[in-house]
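J.: Sequence first, predicted coordinates after that:
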Amino acid sequence: MGTQNPYDFETFYHAVCADLQTKGEVHSMSKQFSLLGDDNERIKFVLEKNFAGSVHWKDFNFSPKDRSESQKLRNLGNQVYQKNRLSEALEYYSQSICLAPHPLPPNTYLNHPQDQEDTFSYEELALGYANRSAVLFQMKEYELCIRDITRAFNYSYPNNLMYKLFERKARCQRALKDYARALESMKEAEMWMKYSTLSETKTAGFKKDISKQIEFLAEKVNAMTMEEIENMDNFGPHVSGCLAKPPPKLTENHSNVPCARADVKIRYHPDKGRYLVVEKDVGPGEILLIEKPYSSILLPEFYTTHCQTCYQRVSAPMPCWCCSKVRFCSDECRLDAWESFHKIECQQLDLISGANLGKNAMLAFRILTSSGKIYLEYVVNKVKEELEKPENEGGGPEKLGFNEEGVYDAADYRTIYTLVGNTKQRGVGDLFKRGLMAAFMLKILELTPFFFNGGSDPRNVKVQSFIQDKILVGGILLTHLQNLPCNAHEIAEIEIPSGSVKDSVQSEIGAAAYGTLSLINHSCDPNVVRHYHSSHAVVRTVRSLQAGDEILDNYGYHYAVMAREERQRKLYNQYYFNCNCIPCNNSWATYTSLSQAAVPLAGTQPEQAKQIISEHHKATKQYKKAFDHVLSGKFSMFSEALPILLEHLTFLDKNITRPIREYNDCQEAVKQCYSVEGNSYRTKVNSKKEKEMIV
């Protein structure tokens, strides 16, 4: 089929199409493919035709450790550190750490080509962490500095330099007012001085300084109360564990839908499938849903800036044990990723991320690698059984995704497998391309331990059994290549420039599969908004809802920013439905053309209307003050502004006709208040034009 870039799916796909065209087989192939009844039959057809047979890759497709490159980057870090270019030094040291040889992970499945001598020396790792800790100390990132010092100790930092690290650790602990631990560290520094190779003069000076520090810290410790000493374990600095802030919590969880509030219910209608409603009146600003995704991915362009597991920005990352491509905020996140998906993906990561498959295919891949073949097979067979059950025995489409206990559990794979894929609306060409993509992805999976992760030896697996496994797994991939474009959600992060909230930029940093969130239907005038805390989606109301109202999200096409015709076209092209929401049916104008005049609701009596306008005039003064606090980026005032904004929304809902520009402004200000609580970071430009990050 001619030469092709082996990493690029599009090249492979066009080569297959060109080959079929040359042979005159397009029509007959399309006809055969159109008669296939389900995804297993489609993937079996593609595999039997052996379209991916010509694709060959190396055994390992990843970025390994490199001792000499690690040394080179550390030296570059040293050079810019001497010139006080701290941000550059920090990144050079981080790159050096990622490339430094590293002990292999626990329970490793890897057999990667690392030099034998690398297994015994981790000096680059220790030196990288130690040097980076110096930068973090200068940047006043004391907790991160302590983490790096601890890591340097773990990888055999040279004895003759240990005194420097203990002294730096003590200074960090002193700055954090953790005097008892600082005293301990300073005494350690004094003890390690005996291994120092400093000159006698420098040694004497350093010892004198340490003695003064010990004296000062001893006084501080002696002044501590018994209660302070007893509570030391509780108030110590945050020097271990994941850096992500935990999401808020629901006051009362639903017994059958654990990630939703107790008054949220799943309903079913033949025309729109499953959907969510509230069973009682709900005001603006209330949390309805907090969901951890079944699976999620970080987009490759954020691999060097964010943690692979919790999606937090990291300024002092930890590396993978084996590859140099990904970063983590902590030991906990690294181990979590390794155990759940990275041990399968690690040695093929250049291929997975570089094959031009798109984020939905990468997410489909992650769903498989984080689930395991045995569990996937169990769930797929269970779902088939449940679909065959008659309604009088607990079957039926409204029960789809529920487990045997009648619970719709977001951690259960069936909630993802049963999401709608709109297969019947797709053309033969669309399905054929997705079938080829599933086969291409299967080839990548075959290079990983995925098929043999249960401990079986690949040499002992029977050919027929392996073919059946490939059809099963390929069919699952093909299912997700159809249902994820209609159901996957972005994981977002907002960047807020200091003093200029209106210039905030939201970035899509990841993609995720949420079983419950995916049941929420679209409106061009949504009544909820999503914010992300790490990978958790938090869904809050931004309008007043009455008992029985459907919860409605926005799929990226809002009436205020996009004309009706364009919204309708885009929604149909991606989601295969015609939107019948109020803004579409009533042709509401976009934001710039919205009315600015407050008009009481239709049917309001004249006297009551006068009173409403008067109350609106009074309420608007307070609202505008709160709105200006948010717009100016006065974050300390957000907690004061938010209740006023929510109260104003409630007033508008009860009394004023929509659409009106003021309503949209108020909603956006509310969203901004909540966005700073989730994945966000503020930047300010200092004298050196560097960004300061506030996580």
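T.: Structure's in. What do you need? Residues are numbered from 1 along each chain as shown.

J.: hey, let's count contacts and neighbours off CA atoms from now on
T.: OK.

J.: What strand or helix carries Phe33?
T.: According to DSSP states H and E, Phe33 maps onto helix 26-34.

J.: in that helix, what counts as buried?
T.: Neighbour-count burial for helix 26-34 flags Phe33 (criterion: 16 or more other Cα atoms under 10 Å).

J.: And stretch 586-603, by the same measure?
T.: Of all the residues in stretch 586-603, those buried under the rule 16+ other Cα under 10 Å are Trp588, Ala589, Thr590, Tyr591, Leu594, Ala598, Val599, Pro600, Leu601.

J.: Ok, stretch 396-403 next?
T.: For stretch 396-403, by 16+ other Cα under 10 Å, it's Pro397, Glu398, Lys399, Leu400, Gly401, Phe402, Asn403.

J.: now stretch 289-299
T.: Buried positions in stretch 289-299, judged by neighbour count with 16+ other Cα under 10 Å: Leu289, Ile290, Glu291, Lys292, Pro293, Tyr294, Ser295, Ser296, Ile297, Leu298, Leu299.

J.: Just the CA atoms of it, as PDB, please.
T.: Provided in PDB are the C-alpha atoms of stretch 289-299 (Å, rounded to 0.1, in the frame of the first residue of the first chain):
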ATOM      1  CA  LEU A 289     -23.900  16.400  41.100                       C
ATOM      2  CA  ILE A 290     -20.200  15.700  41.900                       C
ATOM      3  CA  GLU A 291     -18.800  12.900  39.700                       C
ATOM      4  CA  LYS A 292     -15.400  11.300  39.400                       C
ATOM      5  CA  PRO A 293     -14.900  10.100  35.800                       C
ATOM      6  CA  TYR A 294     -14.800   6.400  35.000                       C
ATOM      7  CA  SER A 295     -11.700   7.200  32.900                       C
ATOM      8  CA  SER A 296      -9.900  10.300  31.800                       C
ATOM      9  CA  ILE A 297      -6.800  11.500  29.900                       C
ATOM     10  CA  LEU A 298      -4.600  14.500  30.000                       C
ATOM     11  CA  LEU A 299      -4.100  16.000  26.500                       C
END
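
J.: Give me the residues contacting it.
T.: Identification of contacts with stretch 289-299 by Cα atoms under 8 Å, 6 or more residues apart in numbering yields 247-250, 259-261, 308, 311, 359, 362-363, 366-367, 370, 410-413, 416, 509-517, 535-540.

J.: With stretch 557-565 instead?
T.: For stretch 557-565, the surrounding residues in contact (Cα under 8 Å, 6+ apart) are Ser523, Cys524, Asp525, Arg567, Leu571, Pro583, Cys584, Ser587, Trp588, Ala589, Thr590, Tyr591.

J.: biggest separation within those residues, which pair?
T.: Pairwise distances across the contacts of stretch 557-565 (Cα to Cα) peak at 19.7 Å, for the pair Leu571 and Tyr591.

J.: for the residue nearest to Pro247 when sequence neighbours are not counted, what are its contacts?
T.: Setting aside the residues directly before and after it, Pro247 is nearest to His533 in space (Cα to Cα, 6 or more residues apart in numbering), at 5.4 Å. Counting by Cα under 8 Å, 6+ apart, His533 touches Ala244, Lys245, Pro246, Pro247, Glu677, Gly678, Asn679.
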